[in-house]
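Trainee: predicted model and sequence below, questions to follow.
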Amino acid sequence: MSTDFLVPLLAAAIQSGTPILFATLGEILTERSGILNLGVEGIMLVGALAAFLTAKFTGNPVYGFLAGGLFGAFLASIHGLVCLGFQGNQVVSGLALTILGTGLANYLGTPYVGQTAPGFKAVALPFLSGIPLLGPIFFNHDPLVYTSYLVPPILWVYLRYTRWGLGLRSVGEHPEAAQAAGLPVRGYRWIGVLAGGWLMGFGGAYLSLAYTHLWTNGLTSGRGWIAVALVIFSFWQPWRAMLGAYLFGGVMAFQFRLQASGTHLPSSLLLMLPYALTIAVLVFSSWKGRGDEAPAALGINIEPAD
Amino acid sequence: MIGLRVYKRREPLRWGSFLVFLAAVAFSMGVCSLLLVVQGRPAVNAMILLIKSAFFSAWAIEDCLIKSVPIFLCSLGVAIAFRLQVWNIGAEGQFALGAVGATWVALRFPDLPGYVLLPAMLIGASLAGGVWGLVPALLKVRLRANEIIVSLMLNYIAILYLDYLVYGPWKDPDSFGFPMTREFTTGAVVGMIGSTRLSWGTLVCVVAGLGVWVFFRFTRLGFELKASGENPRAARYARLSYQRLVILVMVLSGMLAGWAGFLEASANVNRLQPSIMVGYGYTAIVVAWLARLNPLAIGLASFLLAGLRVGLESLQLDLQVPAAFGEIMEGLILMTVLASGFIIRYRIQLRRGR
């Protein structure tokens, strides 16, 4: 394959991988604190709508992006309330959140289907975009993509080298021990849920502000679930999340191109590709992993003390 | 200072779950009314219309029962899996595959009489739905792949496969371009009970519900299943094969959802078309959890959530309320019920003191 074909494809892979990357990083943060949030799909959709409407009515996509994060965190706070406040089952609460979020976004978004909002446009970074091959692939994108480059290193440093990161991880691994050591267990879990929801909301916002620039119902089409699978693929490590997200971005971009090129393959079969790949990736990482990479207390609620 | 203290109850609050359910419905209706007000619609009228058009006429009750059938069967299926703490989220896809399996039989042998064809379609639906449940089960027990994600991804794949069939190889050449198969021959259509609009599929629900109840209550295997779900470690000491149980519940789960797909295609639309996919498989999860996995309660909850869908159709027609309204309501009810489980299990006491 020539570079004329490959470079635009890889650049497109970065772009379609970015919303998945934000969401995966959000879920990593939440799960590292011991809370399983299966509401990613719903949170992303609400984030996407909040971002779209805010950008539309303020005319400023930056506000839109922030609103996406804010509403993502808001929706995640419902999950936090049910699981941290009321000891609800985390799996079911997450599923309920996806149903609720999907419903909310479709309900409030229906009047705006097909309308456009101001979004982000590509800005080539000076010097960096001039690097052959790497430049056009990585450094000729909209500002949100550059923002997403910053999140994995920040998250990595936070989790690995800071006291608060250590606290968050210990709450996810062994909450009783963390409590005995005097750490605010619930506080850390709330941070995991809210900050994670914020990032998932960013992922949704990317879809409506930079990927499509227009609103359609069901914009995420399963990307939230792909993110949940990618957390397992990445063994809860921020850097590996980047690899996974761009892999999926690549498949989606490839599928899109294949469809546009007028292939004889039926589109419904082509559309199966990312979902089948999700299963394949999940099976691969479950088989490859040792099975103990997940935070030990993931999905287990903290019993209220008598 | 006034503080709150939380005690674990020795016995769960009696009648608690029913009261909690009513409170959850009321709370969700309250929040949904607010959403209606936001969009400038008459909230109180809408809620009255919703309830009235769902339950207050014979025609509406019939509609509710028709919609309860697929919800009930799917929910019964996921409840069996949930009993073992196996999270089958794939009822939607198993439903689709069940419809595909039954349709394959119906299109392949159109001239067979009903008493041969219908059982054959049921077998086709069981096989297809069962296989769609077996895949996540095998991947879970052999390769430790998370069944939630696998079964959910299989939903997307199943629906796209159904689309592929009705837009492609199975498309009716005389359908003026609509994505649907040919109409089933009379032998492939599940008939109606007497002069009602209810198909004999309603009876299948009753039989399936009783079967599951008897299975959990009176059989050794059912008891083992319940025990393993409540305490996996104890089950391992009793040398129950957890892996085999996982495969069993997932296949059963898939088969039941497959039956629902078969009945929906055969009795309701008399062909295969994408419009049968309206999210019954997801509603089924809400129902199973609301009913605390009890077959009888699943019947009741299926009827109520079917009623929500029926009432919503009037809201859509009369007040142009988007269909997604129902999902909001389902999600809210489930969230509230989950949260209020706390009140059933714990006692909260106000404490005055230092």
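Mentor: Great, that's in hand. Numbering: from 1, shown residues only, chains lettered A, B, ... in the order given.

Trainee: in the chain, which spans are strands?
Mentor: Looking at chain A here, since you left the chain open. For chain A, the strands defined by DSSP state E occupy A:123-124, A:140-141.

Trainee: could you do chain B instead?
Mentor: Here chain B has its strands, by DSSP E, at B:2-8, B:346-352.

Trainee: tell me which of the strands of chain A lies nearest to A:Gly109.
Mentor: Each of the strands of chain A was scored for nearness to A:Gly109 using CB to CB, and the closest is strand A:140-141 (25.9 Å). Just so you know, the C-beta spots here come from the backbone N, C-alpha and C atoms, and that holds for glycine as well.

Trainee: ok, that closest one: who's next to it in the sheet?
Mentor: Under the criterion DSSP bridges, strand A:140-141 sits next to strand A:123-124 (antiparallel) in its sheet.

Trainee: what lies in contact with the strand it pairs with?
Mentor: Residues outside strand A:123-124 that contact it (CB atoms under 8 Å, 6 or more residues apart in numbering or on different chains): A:139-143.

Trainee: ok, now with 7 Å
Mentor: A:139-140, A:142-143 (CB atoms under 7 Å, 6 or more residues apart in numbering or on different chains).

Trainee: next: stretch A:111-119.
Mentor: So stretch A:111-119 is contacted by A:52, A:55-56, A:59, A:61, A:64, A:209-210, A:213-217 (CB under 7 Å, 6+ apart).

Trainee: let's go with 6 Å and repeat that
Mentor: Residues outside stretch A:111-119 that contact it (CB atoms under 6 Å, 6 or more residues apart in numbering or on different chains) are A:52, A:55-56, A:59, A:61, A:209-210, A:213-216.

Trainee: what's the answer for stretch B:71-79, then?
Mentor: Here stretch B:71-79 makes contact (CB under 6 Å, 6+ apart) with B:88, B:91, B:95, B:205, B:208, B:212, B:253, B:256-257, B:259-260, B:280-281, B:283-285, B:287-288, B:293, B:298, B:302, B:306.

Trainee: state the mean pLDDT of it.
Mentor: On average, the pLDDT along stretch B:71-79 is 96.

Trainee: could you do stretch A:38-52 as well?
Mentor: Across stretch A:38-52, pLDDT averages out at 97.

Trainee: determine whether any part of that stretch lies close to chain B.
Mentor: No - using CB under 6 Å from any CB of the partner chain, stretch A:38-52 stays clear of chain B, coming no nearer than 6.9 Å.

Trainee: check the closest residue to A:Thr30 other than its chain neighbours and give its pLDDT.
Mentor: Leaving aside its chain neighbours, A:Thr30 sits nearest to A:Gly196 (3.3 Å; criterion: CB to CB, 6 or more residues apart in numbering or on different chains). A:Gly196 carries a pLDDT value of 97.

Trainee: go on, A:Thr263?
Mentor: pLDDT, A:Thr263: 74.

Trainee: what's the single longest helix in the chain?
Mentor: All of this is about chain A. Across chain A, the longest stretch assigned as helix under DSSP state H is helix A:3-32.

Trainee: wait, chain B
Mentor: Max-length helix for chain B by DSSP H is helix B:114-143.

Trainee: quick one: is that helix near chain A?
Mentor: Yes - counting by CB under 6 Å from any CB, chain A has neighbours in helix B:114-143: B:139, B:143.

Trainee: neighbours around residue 194, how many?
Mentor: Just so you know, I chose chain A. Applying other CB atoms under 10 Å in any protein chain shown, we find 18 residues neighbouring A:Leu194.

Trainee: um, chain B though
Mentor: 6.

Trainee: check the gap between it and chain A for me.
Mentor: Here the criterion is CB to the nearest CB, to the nearest Å. By it, B:Gly194 lies 36 Å from chain A.

Trainee: contacting residues for that residue?
Mentor: Applying CB under 6 Å, 6+ apart, no residues contact B:Gly194.

Trainee: over to it: give its phi and psi.
Mentor: When read as degrees, to the nearest 10, the backbone of B:Gly194 gives phi 60, psi -130.

Trainee: per-residue pLDDT, it?
Mentor: pLDDT at B:Gly194 comes out at 84.

Trainee: up against chain B, what does chain A have?
Mentor: Contact residues (CB under 6 Å from any CB) of chain A with chain B: A:82, A:86-88, A:91-93, A:96, A:99-100, A:102-104, A:106-107, A:110, A:222, A:225, A:228-229, A:266, A:268-269, A:271-272, A:275, A:278-279, A:282-283, A:286-287, A:291, A:304.

Trainee: mark which of these are buried, thanks.
Mentor: Listed as buried from the residues of chain A next to chain B are A:82, A:86-88, A:91-93, A:96, A:99-100, A:102-104, A:106-107, A:110, A:222, A:225, A:228-229, A:268, A:271-272, A:275, A:278-279, A:282-283, A:286, A:304; burial here means 16 or more other CB atoms under 10 Å in any protein chain shown.

Trainee: any idea how far the nearest residue to A:Ala296 once chain neighbours are set aside is from A:Gly192?
Mentor: Spatial nearest neighbour of A:Ala296, chain neighbours left out: A:Glu173 (4.8 Å); criterion: CB to CB, 6+ apart. Counting by CB to CB, to the nearest Å, the gap from A:Glu173 to A:Gly192 is 13 Å.

Trainee: which of the two has more neighbours?
Mentor: The neighbour comparison of A:Glu173 against A:Gly192 (other CB under 10 Å) goes to A:Gly192, with 28 against 17.

Trainee: my understanding was that the more buried one contacts A:Leu36; is that so?
Mentor: No - A:Gly192 lies out of contact with A:Leu36 (CB atoms under 6 Å); the separation is 10.7 Å.

Trainee: so B:Phe56 versus B:Pro119, what's the distance?
Mentor: B:Phe56 sits 38 Å away from B:Pro119, going by CB to CB.

Trainee: quick one: the helices in the stretch 101-250 of chain B, in order.
Mentor: B:114-143, B:147-167, B:201-218, B:220-230, B:232-237, B:242-263 (DSSP state H, counting those that start in this stretch).

Trainee: where does chain A dip in pLDDT?
Mentor: The model of chain A has pLDDT under 70 over residues A:1-2, A:305-306.

Trainee: please repeat the previous calculation with a cut-off of 80.
Mentor: By pLDDT under 80, the low-scoring segments of chain A are A:1-4, A:262-264, A:289-292, A:303-306.

Trainee: can you map out the helices along it?
Mentor: Using DSSP H, helices in chain A cover A:3-32, A:40-58, A:61-80, A:90-109, A:134-138, A:143-161, A:163-173, A:175-180, A:185-206, A:223-233, A:238-260, A:267-271, A:273-288.

Trainee: quick one: which two of the contacts of stretch A:111-119 are the most distant?
Mentor: A:Gly59 and A:Thr216, at 21.1 Å, using CB to CB across the contacts of stretch A:111-119.

Trainee: so the two - more neighbours on which side?
Mentor: Each of A:Gly59 and A:Thr216 has its neighbours counted (other CB under 10 Å); A:Thr216 has more, 15 against 11.

Trainee: and that one, how close does it get to A:Leu45?
Mentor: With CB to CB as the criterion, A:Thr216 and A:Leu45 are 11 Å apart.

Trainee: same question for A:Ile279.
Mentor: 22 Å.

Trainee: and for B:Cys74?
Mentor: 23 Å.

Trainee: so how many other residues sit close to the nearest residue to A:Tyr63 once chain neighbours are set aside?
Mentor: Setting aside the residues directly before and after it, A:Tyr63 is nearest to A:Thr54 in space (CB to CB, 6+ apart), at 5.2 Å. A:Thr54 sits with 24 neighbouring residues when counted by other CB under 10 Å.

Trainee: residues touching A:Thr54, list them.
Mentor: A:63-64, A:67.

Trainee: buried subset of those as a PyMOL selection?
Mentor: Applying 16+ other CB under 10 Å to the contacts of A:Thr54, the buried members can be selected in PyMOL as follows:
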select buried, chain A and resi 64+67
